[in-house]
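Colleague: Quick one: sequence and predicted model below, then my questions.
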Amino acid sequence: MRCSLWLVPSEREHDALSCLMNFRPRHHRSKTHSSRSYPRFDPHVTLATFESSYKPKISLFLSPTTISVPVYFESMKVGNNYLSSLSIVVAKSRELMQLRDLVVEHLENNNMKDTSRSFPHMSLFYLDEKSKGDRQELGKQLERSERVRERTGRRVIEAALDCTLDGAEPEFDAMYGFEGSSIWLVDCTGGVEDWKVLEKQKLKSRRHDLRDVYLSRGEPFYSFSWPTNPVPVVTMPPSPRMGGRQPFLYGSNPLPMTPYYPPDPR
């Protein structure tokens, strides 16, 4: 049995990303493309893939007290094979790498080996190329339609996904990442549409008041990182290419406030 451990977004983020993943390019026709192209699957970041002679349990690899992990998008990548067709490269944050290292350590303790590649990434589409360049053309259409927007300097440093063009709720017009809120154990034997979810484990919130928050630029709020010490903050304007919203804030419980003005330095 070929199994994978997935880090999966919260329910609302999952639904938003699924809308984007339902996008099909103008030239797509189910009758002219391979039946393996554009299969439906759940948005996720693969933490590890391994072979097992028995049906494992998530408890072999993770504690029930494992906390949720933030995932940040860096760039879009077009691959040269089916399982790397088109994906979003994910930042190697400290939290994500620690979770992955923990999973790999437990795999090794159970005489299993991680065989996953290109960690970390989030696949958006799997595509069999009918003609050379189909995957590149798909990437170009995502960029032209601004479903994927990358902010670049000397290198690409972050990406935002607009899921609203395909039916997601308005606040998902610029997703810079998601909160990894659960772990799924998936049987990946066979084709993509044959994959089966064997078990799910919800992760504990990093703070009791955790929620996804989207703020318009310039909108003031109180940041309750510590409930007894509210800190007034004003959001900074994002790059014009990234739209009119800030990335969502994790671990904050913002409340409206009167405009905050920094102290006069004189």
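Modeller: Looks like it arrived, so ask away. Numbering: from 1, shown residues only.
Colleague: bridging residues for residue 3?
Modeller: residue 50, residue 187 (DSSP bridges).
Colleague: just the one 4 residues further on next, same as before
Modeller: Residues in a beta bridge with residue 7, per DSSP bridges, are residue 45, residue 183.
Colleague: Just confirm it contacts residue 103, I think it does.
Modeller: No - Residue 7 lies out of contact with residue 103 (CB atoms under 8 Å); the separation is 9.5 Å. (Glycine included, C-beta is placed from N, CA and C.)
Colleague: Comparing the two, which shows the higher neighbour count?
Modeller: residue 7 (26 against 22; other CB atoms under 10 Å).
Colleague: where does the stretch 1-150 of the chain dip in pLDDT?
Modeller: 27-34 (pLDDT under 70).
Colleague: which neighbours do residue 7 and residue 103 share?
Modeller: By CB atoms under 8 Å, 6 or more residues apart in numbering, residue 7 and residue 103 have these common neighbours: residue 47.
Colleague: Now do the end-to-end distance for stretch 3-16.
Modeller: By CA to CA, to the nearest Å, the extent of stretch 3-16 from end to end equals 26 Å.
Colleague: State the phi and psi torsions of residue 140.
Modeller: Per-residue torsions, residue 140: phi -60, psi -40 (degrees, to the nearest 10).
Colleague: what separates it from residue 133, distance-wise?
Modeller: For residue 140, the distance to residue 133 (CB to CB, to the nearest Å) stands at 10 Å.
Colleague: between those two, who's got more neighbours?
Modeller: Neighbours per residue, other CB under 10 Å: of residue 140 and residue 133, the larger number sits with residue 140, 13 against 10.
Colleague: For the protein, just list every one of the strands.
Modeller: Along the chain, counting by DSSP state E, strands occupy 2-9, 45-51, 69-78, 86-90, 121-125, 148-152, 156-161, 177-187, 196-202, 220-223, 231-234.
Colleague: can you tell me the average pLDDT over the last one?
Modeller: Think strand 231-234. Across strand 231-234, the average pLDDT comes to 43.
Colleague: again, but for the longest one
Modeller: Averaged across strand 177-187, the pLDDT comes to 97.
Colleague: Which strands or helices does it pack on?
Modeller: If you count contacts as 3 or more CB pairs under 8 Å, 6 or more residues apart in numbering; DSSP states H and E, strand 177-187 packs onto strand 2-9, helix 11-21, strand 69-78, strand 196-202.
Colleague: please redo it, this time with the cut-off set to 7 Å
Modeller: strand 2-9, strand 69-78, strand 196-202 (3 or more CB pairs under 7 Å, 6 or more residues apart in numbering; DSSP states H and E).
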